[in-house]
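Visitor: Got a predicted structure here, sequence first:
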Amino acid sequence: MQRPRSAEPPPTAILDAAERLFAERGFRAATIQELGKASRLSPALIYYYYHDKAGLYQAVIERLIESMVTGALSRAPASADPAAALRAIIEVQGGVFLDRPHAARLIARELVDYQGQHAQKAVRTTLTRLFQRLTGLIQAAQRSGQFRADLDPAFASVSVVAQIAWFAVASPVVGTLLGDGAKGPSARKRRAFVRHAADFALSALEHDRGASR
(Lines give C-alpha, C1' and ligand atoms only; values in the text may rest on other atoms or scores of the structure.)
Protein backbone atom coordinates (compact mmCIF):
# COMPACT_ATOMS: atom_id res chain seq x y z
CA MET A 1 0.00 0.00 0.00
CA GLN A 2 1.22 3.52 -0.74
CA ARG A 3 2.56 4.92 2.53
CA PRO A 4 0.86 8.03 3.94
CA ARG A 5 2.98 11.12 4.29
CA SER A 6 2.91 10.90 8.10
CA ALA A 7 4.70 8.09 9.91
CA GLU A 8 1.60 7.74 12.10
CA PRO A 9 -1.20 5.46 10.89
CA PRO A 10 -4.06 7.46 9.35
CA PRO A 11 -7.45 7.46 11.09
CA THR A 12 -9.62 4.59 9.86
CA ALA A 13 -12.45 7.09 9.42
CA ILE A 14 -10.63 8.64 6.44
CA LEU A 15 -10.36 5.35 4.52
CA ASP A 16 -13.89 4.25 5.46
CA ALA A 17 -15.44 7.50 4.28
CA ALA A 18 -13.31 7.54 1.14
CA GLU A 19 -14.32 3.98 0.26
CA ARG A 20 -17.99 4.96 0.44
CA LEU A 21 -17.68 8.26 -1.43
CA PHE A 22 -15.41 6.95 -4.18
CA ALA A 23 -17.84 4.07 -4.69
CA GLU A 24 -20.90 6.34 -4.82
CA ARG A 25 -19.51 9.29 -6.79
CA GLY A 26 -16.39 8.03 -8.49
CA PHE A 27 -12.84 9.29 -8.18
CA ARG A 28 -13.26 12.40 -10.33
CA ALA A 29 -16.48 13.65 -8.72
CA ALA A 30 -15.57 13.11 -5.06
CA THR A 31 -13.74 16.09 -3.52
CA ILE A 32 -11.37 16.39 -0.59
CA GLN A 33 -13.88 18.72 1.05
CA GLU A 34 -16.60 16.06 0.80
CA LEU A 35 -14.22 13.43 2.09
CA GLY A 36 -13.36 15.60 5.07
CA LYS A 37 -17.02 16.19 5.85
CA ALA A 38 -17.88 12.49 5.50
CA SER A 39 -15.05 11.44 7.80
CA ARG A 40 -15.76 14.34 10.22
CA LEU A 41 -12.13 15.36 9.93
CA SER A 42 -10.48 18.46 8.53
CA PRO A 43 -9.58 18.23 4.82
CA ALA A 44 -6.13 19.45 5.85
CA LEU A 45 -5.70 16.24 7.82
CA ILE A 46 -6.26 14.21 4.66
CA TYR A 47 -3.44 16.12 2.96
CA TYR A 48 -1.35 15.55 6.09
CA TYR A 49 -1.61 11.79 5.68
CA TYR A 50 -1.79 11.61 1.86
CA HIS A 51 -0.18 13.75 -0.78
CA ASP A 52 -3.40 14.23 -2.73
CA LYS A 53 -6.73 12.67 -3.65
CA ALA A 54 -5.03 10.18 -5.98
CA GLY A 55 -2.85 8.91 -3.15
CA LEU A 56 -5.89 8.44 -0.94
CA TYR A 57 -7.81 6.68 -3.71
CA GLN A 58 -5.01 4.20 -4.33
CA ALA A 59 -4.71 3.54 -0.60
CA VAL A 60 -8.43 2.73 -0.46
CA ILE A 61 -8.17 0.29 -3.38
CA GLU A 62 -5.11 -1.41 -1.90
CA ARG A 63 -6.65 -1.69 1.57
CA LEU A 64 -9.68 -3.43 0.09
CA ILE A 65 -7.59 -5.98 -1.79
CA GLU A 66 -5.25 -6.53 1.14
CA SER A 67 -8.12 -7.17 3.56
CA MET A 68 -9.49 -9.91 1.33
CA VAL A 69 -6.14 -11.54 0.60
CA THR A 70 -4.90 -11.47 4.18
CA GLY A 71 -8.10 -13.02 5.47
CA ALA A 72 -8.20 -15.70 2.78
CA LEU A 73 -4.55 -16.72 3.14
CA SER A 74 -4.88 -17.03 6.91
CA ARG A 75 -7.88 -19.35 6.57
CA ALA A 76 -6.55 -21.36 3.64
CA PRO A 77 -2.93 -22.39 4.30
CA ALA A 78 -1.12 -24.32 1.59
CA SER A 79 -1.26 -27.45 3.78
CA ALA A 80 -5.04 -27.33 4.19
CA ASP A 81 -7.50 -29.77 2.68
CA PRO A 82 -8.17 -28.26 -0.79
CA ALA A 83 -11.94 -28.48 -0.56
CA ALA A 84 -12.04 -26.86 2.89
CA ALA A 85 -9.54 -24.19 1.81
CA LEU A 86 -11.51 -23.36 -1.33
CA ARG A 87 -14.66 -22.98 0.75
CA ALA A 88 -12.81 -20.69 3.21
CA ILE A 89 -11.51 -18.48 0.39
CA ILE A 90 -15.02 -18.05 -1.00
CA GLU A 91 -16.37 -17.24 2.48
CA VAL A 92 -13.75 -14.53 2.99
CA GLN A 93 -14.40 -13.09 -0.46
CA GLY A 94 -18.12 -13.10 0.29
CA GLY A 95 -17.53 -11.30 3.58
CA VAL A 96 -15.58 -8.53 1.85
CA PHE A 97 -17.82 -8.00 -1.19
CA LEU A 98 -21.26 -8.85 0.15
CA ASP A 99 -21.02 -7.44 3.68
CA ARG A 100 -19.30 -4.21 2.60
CA PRO A 101 -21.82 -2.74 0.13
CA HIS A 102 -19.44 -0.15 -1.30
CA ALA A 103 -16.57 -2.55 -1.99
CA ALA A 104 -17.93 -4.17 -5.14
CA ARG A 105 -19.13 -0.86 -6.58
CA LEU A 106 -15.71 0.69 -5.97
CA ILE A 107 -13.92 -2.15 -7.76
CA ALA A 108 -16.43 -2.03 -10.63
CA ARG A 109 -15.88 1.72 -11.06
CA GLU A 110 -12.12 1.23 -11.03
CA LEU A 111 -12.29 -1.47 -13.70
CA VAL A 112 -14.70 0.45 -15.97
CA ASP A 113 -13.30 3.96 -15.54
CA TYR A 114 -9.58 3.21 -15.27
CA GLN A 115 -9.14 -0.38 -16.51
CA GLY A 116 -7.82 -1.30 -13.09
CA GLN A 117 -4.68 0.87 -13.34
CA HIS A 118 -4.85 1.99 -9.70
CA ALA A 119 -5.10 -1.63 -8.57
CA GLN A 120 -2.16 -2.95 -10.58
CA LYS A 121 0.36 -2.69 -7.75
CA ALA A 122 -1.94 -4.52 -5.34
CA VAL A 123 -2.73 -7.12 -8.00
CA ARG A 124 0.96 -7.83 -8.63
CA THR A 125 2.13 -7.84 -5.03
CA THR A 126 -0.93 -8.98 -3.10
CA LEU A 127 -3.74 -10.51 -5.14
CA THR A 128 -1.27 -12.68 -7.05
CA ARG A 129 -0.39 -14.46 -3.81
CA LEU A 130 -4.01 -15.49 -3.27
CA PHE A 131 -4.39 -16.58 -6.90
CA GLN A 132 -1.25 -18.69 -6.65
CA ARG A 133 -2.46 -20.22 -3.37
CA LEU A 134 -5.84 -21.14 -4.89
CA THR A 135 -4.24 -22.53 -8.05
CA GLY A 136 -1.76 -24.52 -5.99
CA LEU A 137 -4.53 -26.02 -3.86
CA ILE A 138 -6.42 -27.09 -6.99
CA GLN A 139 -3.27 -28.61 -8.49
CA ALA A 140 -2.57 -30.53 -5.28
CA ALA A 141 -6.11 -31.93 -5.31
CA GLN A 142 -5.72 -32.90 -8.95
CA ARG A 143 -2.53 -34.81 -8.20
CA SER A 144 -4.18 -36.67 -5.34
CA GLY A 145 -7.22 -37.54 -7.42
CA GLN A 146 -9.61 -35.42 -5.34
CA PHE A 147 -10.27 -32.95 -8.18
CA ARG A 148 -10.66 -33.61 -11.89
CA ALA A 149 -7.38 -33.52 -13.77
CA ASP A 150 -8.93 -32.38 -17.08
CA LEU A 151 -9.54 -28.81 -15.85
CA ASP A 152 -7.00 -26.01 -16.21
CA PRO A 153 -6.21 -25.01 -12.58
CA ALA A 154 -5.70 -21.34 -13.47
CA PHE A 155 -9.01 -21.14 -15.33
CA ALA A 156 -10.69 -23.01 -12.48
CA SER A 157 -9.32 -20.44 -10.00
CA VAL A 158 -10.79 -17.60 -12.05
CA SER A 159 -14.15 -19.38 -12.17
CA VAL A 160 -14.13 -19.91 -8.40
CA VAL A 161 -13.65 -16.23 -7.55
CA ALA A 162 -15.82 -14.92 -10.39
CA GLN A 163 -19.06 -16.15 -8.83
CA ILE A 164 -18.98 -13.87 -5.77
CA ALA A 165 -17.53 -10.95 -7.74
CA TRP A 166 -20.32 -11.01 -10.32
CA PHE A 167 -23.05 -11.51 -7.70
CA ALA A 168 -21.74 -8.49 -5.79
CA VAL A 169 -21.24 -6.17 -8.77
CA ALA A 170 -24.62 -7.06 -10.26
CA SER A 171 -26.36 -6.79 -6.88
CA PRO A 172 -29.21 -4.48 -8.05
CA VAL A 173 -30.06 -6.83 -10.94
CA VAL A 174 -29.65 -9.96 -8.83
CA GLY A 175 -31.83 -8.46 -6.11
CA THR A 176 -34.59 -7.81 -8.62
CA LEU A 177 -34.32 -11.33 -10.07
CA LEU A 178 -34.49 -12.86 -6.59
CA GLY A 179 -37.49 -10.76 -5.60
CA ASP A 180 -35.72 -8.39 -3.19
CA GLY A 181 -35.69 -5.29 -5.40
CA ALA A 182 -32.97 -3.02 -6.77
CA LYS A 183 -31.40 -2.50 -3.34
CA GLY A 184 -29.92 -5.95 -3.73
CA PRO A 185 -30.43 -9.39 -2.20
CA SER A 186 -31.27 -9.68 1.49
CA ALA A 187 -28.57 -10.56 4.01
CA ARG A 188 -30.02 -14.07 4.28
CA LYS A 189 -29.79 -14.60 0.52
CA ARG A 190 -26.28 -13.16 0.38
CA ARG A 191 -25.12 -15.66 3.00
CA ALA A 192 -26.96 -18.46 1.19
CA PHE A 193 -25.25 -17.56 -2.09
CA VAL A 194 -21.81 -17.77 -0.49
CA ARG A 195 -22.59 -21.34 0.55
CA HIS A 196 -24.01 -22.06 -2.89
CA ALA A 197 -20.93 -20.66 -4.64
CA ALA A 198 -18.66 -22.99 -2.66
CA ASP A 199 -20.91 -26.00 -3.29
CA PHE A 200 -21.17 -25.13 -6.98
CA ALA A 201 -17.40 -24.76 -7.40
CA LEU A 202 -16.67 -28.02 -5.61
CA SER A 203 -19.29 -29.91 -7.60
CA ALA A 204 -17.52 -28.80 -10.79
CA LEU A 205 -14.05 -29.66 -9.51
CA GLU A 206 -14.62 -32.96 -7.75
CA HIS A 207 -15.00 -36.30 -9.48
CA ASP A 208 -18.52 -37.55 -10.01
CA ARG A 209 -18.29 -40.60 -7.79
CA GLY A 210 -21.74 -41.80 -8.80
CA ALA A 211 -20.84 -41.75 -12.50
CA SER A 212 -17.55 -43.55 -11.87
CA ARG A 213 -19.42 -46.42 -10.25
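Guide: All right, it came through fine. Residues are numbered from 1 along each chain as shown.
Visitor: and Ile14, what does it touch?
Guide: Contacts for Ile14 (Cβ atoms under 8 Å, 6 or more residues apart in numbering) come out as 35, 39, 41, 45-46, 49, 56. C-beta: built from backbone N, CA, C; applies to glycine.
Visitor: Show me what counts as buried in the helix or strand encompassing it.
Guide: Counting by DSSP states H and E, the element that carries Ile14 is helix 12-29. Residues of helix 12-29 classed as buried by neighbour count (16 or more other Cβ atoms under 10 Å): 14-23, 26-27.
Visitor: what pLDDT, on average, does it get?
Guide: For helix 12-29, mean pLDDT rounds to 92.
Visitor: Nearest to Leu177 among the contacts of Ile14?
Guide: Leu35 (34.3 Å; Cβ to Cβ).
Visitor: What are the buried residues along the host helix or strand of that closest one?
Guide: Assigned by DSSP H and E, Leu35 falls within helix 32-39. For helix 32-39, burial by neighbour count (16+ other Cβ under 10 Å) applies to 32, 35-36, 38-39.
Visitor: swap in stretch 62-78?
Guide: Residues of stretch 62-78 classed as buried: 62-65, 67-69, 71-73, 76 (neighbour count, 16+ other Cβ under 10 Å).
Visitor: Filter those residues down to just the ones in helices.
Guide: Counting by DSSP state H, the part of the buried residues of stretch 62-78 found in helices is 62-65, 67-69, 71-73.
Visitor: Which of these sits closest to Phe147?
Guide: Distances from Phe147 to those, taken by Cβ to Cβ, are shortest for Ala72, at 18.6 Å.
Visitor: I'd guessed the closest one sits against Leu130; true?
Guide: Yes - the criterion here is Cβ atoms under 8 Å, and Ala72 meets it with Leu130 at 5.4 Å.
Visitor: any residues in contact with both of the two?
Guide: Residues within reach of Ala72 and of Leu130 at once, by Cβ under 8 Å, 6+ apart, are Ile89.
Visitor: Need the buried residues of helix 32-39 in TSV (columns: distance to Asp180).
Guide: Shown next, in TSV, are the buried residues of helix 32-39 (distance: Cβ to Cβ, whole Å):
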residue	distance to Asp180
Ile32	36
Leu35	31
Gly36	35
Ala38	27
Ser39	31
